[in-house]
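In: 3D, please:
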Amino acid sequence: DYLKGGKGDDILVGGAGDDTLLGGDGRDLLIGGLGADRLVGDCGDDLLIAGPTRYDANPEALRAILREWTRTDLAYGERVDHLRNGGGWNGDVTLNKTTVVGDSAKDKLTGGAGKDWFLSDGQDKLTDRQAAEIATRTGESRGDGHRGRKGCHGVGWAGSGSKWLSNFLLDLAATDAALNPNAGIQVVLPGAAG
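Out: As a prediction, the model looks like this:
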């Protein structure tokens, strides 16, 4: 997909393929989604997220993120803090390792003019990050989205990471088991003690 924003503040969300997102003028929210994406913020303070988020299909949550990001009464660092931890105009809609997942694709993020915030995993390339700009490493894919594949692997998360497992780890191989899903998913692999 090729998505291009206009002169205002835009929300652009890529899909499952390799996308190109161009923010244009204003303070934009760009979310690459799955695939090897190219995100260009252009002018203004832009928020560039390489992989998918928990909110990609939730317009209300995306508007809450943009509302906090575009406010003019707070400095850059305060807006980033609110979006990481909650408490601003975004309420409890946050961007951190529990809500943003790296997709292991090699995305390319270019902020352009303005003070940008980059959220990406270790595979991505940030082409023009300045010293005063924040780059946040997102949750690794940890095998998320491997529907029907054998050998899903990765290090699990503590705390709310079980939510990611329950949301993304689907169709376990017939010899695997998911136990006690109400308390998170425990994956028991064949031959493993447990």
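In: Could you measure from Gly15 over to Pro52?
Out: 10 Å (CB to CB, to the nearest Å). Every residue, glycine included, has its C-beta placed from N, CA and C.
In: who has more neighbours, these two?
Out: Pro52 (27 against 15; other CB atoms under 10 Å).
In: Leaving out sequence neighbours, find the closest residue to that one.
Out: Gly33 (4.9 Å; CB to CB, 6 or more residues apart in numbering).
In: Strands along the protein, start to end?
Out: 2-4, 11-13, 20-22, 29-31, 38-40, 47-49, 108-110, 117-120, 125-126, 134-137, 177-179, 186-188 (DSSP state E).
In: what about Trp89, distance to Ala131?
Out: 27 Å.
In: More neighbours: which of the two?
Out: Neighbour tally, Trp89 and Ala131, criterion other CB under 10 Å: the higher count belongs to Trp89, 18 against 4.
In: Need the pLDDT of the more buried one.
Out: pLDDT for Trp89: 97.
In: For it, give me its contacts.
Out: The contact partners of Trp89, by CB atoms under 8 Å, 6 or more residues apart in numbering, come to Ala64, Arg67, Glu68, Arg71, His82.
In: What values do phi and psi take at it?
Out: phi -70, psi -10 (degrees, to the nearest 10).
In: Which residues are in contact with the residue nearest to the spatial centre of the chain?
Out: Central residue of the chain (CA atoms, centre = their mean): Val100, 3.1 Å from the mean position. By CB under 8 Å, 6+ apart, the residues touching Val100 are Ile49, Gly51, Pro52, Thr53, Arg54, Leu119, Thr138, Gly139.
In: got the contact list for the first one?
Out: With contacts defined as CB under 8 Å, 6+ apart, the neighbours of Ile49 are Leu29, Leu30, Ile31, Gly32, Leu39, Leu95, Val100, Leu119, Ser120, Thr138.
In: returning to what we had before: among the contacts of Val100, which pair sits farthest apart?
Out: The span of the contacts of Val100, defined through CB to CB, is set by Arg54 and Leu119 at 12.5 Å.
In: And these two? Which one has more around it.
Out: Legend: neighbour count by other CB under 10 Å for Arg54 and Leu119, higher for Leu119 (28 against 17).
In: What's the PyMOL line that selects buried ones from the contacts of Trp89?
Out: With 16 or more other CB atoms under 10 Å as the criterion, this PyMOL line picks the buried residues out of the contacts of Trp89:
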select buried, resi 64+68+82
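In: could I have the longest helix belonging to the chain exported to PDB, CA atoms only?
Out: Secondary structure of the chain per DSSP state H: the longest helix is helix 59-70. Written as PDB, here are the backbone C-alpha positions of helix 59-70 (Å, rounded to 0.1, in the frame of the first residue of the first chain):
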ATOM      1  CA  PRO A  59     -10.100   4.500  15.400                       C
ATOM      2  CA  GLU A  60     -11.100   5.900  18.800                       C
ATOM      3  CA  ALA A  61      -7.800   4.800  20.400                       C
ATOM      4  CA  LEU A  62      -5.800   6.100  17.400                       C
ATOM      5  CA  ARG A  63      -7.500   9.500  17.700                       C
ATOM      6  CA  ALA A  64      -6.700   9.600  21.400                       C
ATOM      7  CA  ILE A  65      -3.000   9.000  20.600                       C
ATOM      8  CA  LEU A  66      -3.000  11.700  18.000                       C
ATOM      9  CA  ARG A  67      -4.900  14.100  20.300                       C
ATOM     10  CA  GLU A  68      -2.100  13.800  22.900                       C
ATOM     11  CA  TRP A  69       0.700  13.900  20.300                       C
ATOM     12  CA  THR A  70      -0.700  17.100  18.600                       C
END
